[in-house]
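# whatever this is, show me its structure:
(one chain, ligands or ions: 1)
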Amino acid sequence: MIDQEKLFDAALIIKNSNHIVVFSGAGISTESGIDDFRSPGGLWERYDPSVYASYQYFLEDPSLFWKMHKEVEDLVGMADPNQAHIAIAQLEKMGKVKAVITQNIDMLHQKAGSGKYGANIYQLHGEYGKLHCVKCNKEFNFDEINTKDVDYPKCECSGYIKPKVVLFGESLPHGVLEGAMNECTNADCLIVVGSSLLVSPANFMPSIAKQYGAKLIFINRENTIMDDLADVFLKGSAGEIFTQLLKIINS
Ligand code: NAD
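Alright, predicted model coming up:
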């Protein structure tokens, strides 16, 4: 049961804000069928992210990553945006949301329409659709390489090919973190949704926004390590909470 008083408090903050930045994590996409890292069950119990999503392990033996990839590709490929992604795109259309900073690589914000009305999108951990060689940096599309009948694809220079997603231990794409941090300094409201806030440096965003005067709304199924920063913490499922928030805002 979502706390109705807190829901109205959050709706009021959104109504009074004109430069909202959304910061999303894997939890926003669980209602689209893509498992997050922390919730029990699902993909990540079979593929420990500290091994299968580690850059160091990838360089030692890329076949581990590519084994996991085959299942992730199916999950991400079949997923559609849910009510939370759609509501964020609607808030952009209403002139409220000016930027979306996401830790997700699933492109569901863009599929929902985020960015269509001018909001900047920052994919801190890259995206699944593109690949590159980790040795010579040549870029590829998925249809240019064979991932089906091999343990892992290799570049003609003999380097390993990997989707342009950021693995644990790997640097973030150049300029993306700086751009996202800058967005947080301009926000009058930061909505943090579906993130445990355990992954650095992505988890710097809430404290930067707070330091520069933004109101903070957290939407999460469970508590996070930064709850004390939140002006309003809404506990529950993102899809349902965003649906109710939009109803109040539009009423
Ligand atoms: P996380 O897995 O650490 O935390 C997700 C949080 O969302 C948890 O606290 C959980 O309680 C909450 N949650 C789950 N479902 C929810 C829902 N429907 N509504 C509200 N809250 C919900 O995720 P993170 O903080 O993003 O960090 C993990 C890393 O995982 C990120 O770096 C990200 O790149 C990567 N990742 C991405 C995807 C994706 O692209 N969809 C999926 C899995 C992991």
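# need phi/psi at the residue of the stretch 1-150 of the chain found nearest the ligand.
Residue nearest to the ligand within the stretch 1-150 of the chain (C-beta to the nearest ligand atom): residue 27, separated by 2.1 Å. Bear in mind the C-beta positions are built from the backbone N, C-alpha and C, glycine included. Backbone torsions for residue 27, taken as degrees, to the nearest 10, come to phi -60, psi -30.
# grab the nearest non-local neighbour of it.
Among residues not flanking residue 27 along the chain, residue 194 sits closest, at 2.5 Å (C-beta to C-beta, 6 or more residues apart in numbering).
# check residue 138 too.
In this structure, residue 138 finds its nearest non-sequential neighbour in residue 155, 6.0 Å apart by C-beta to C-beta, 6+ apart.
# is it true that that neighbour touches residue 136?
Yes - assessed by C-beta atoms under 8 Å, residue 155 is found in contact with residue 136 at 6.2 Å.
# can you tell if whatever helix or strand residue 218 lives in touches the ligand?
Assigned by DSSP states H and E, residue 218 falls within strand 215-220. Yes - residues of strand 215-220 contacting the ligand under C-beta under 6 Å from any ligand atom: 219, 220.
# again, but for stretch 228-240
Yes - under the criterion of C-beta under 6 Å from any ligand atom, the ligand is reached by stretch 228-240 at 237, 238.
# do the same with stretch 68-80
No - legend: contact between stretch 68-80 and the ligand by C-beta under 6 Å from any ligand atom is lacking; minimum distance shown is 7.1 Å.
# what does that stretch rub up against?
For stretch 68-80, the external contacting residues (C-beta atoms under 8 Å, 6 or more residues apart in numbering) are 29, 32-35, 43, 47, 52-53, 105-108, 111, 128, 147, 163.
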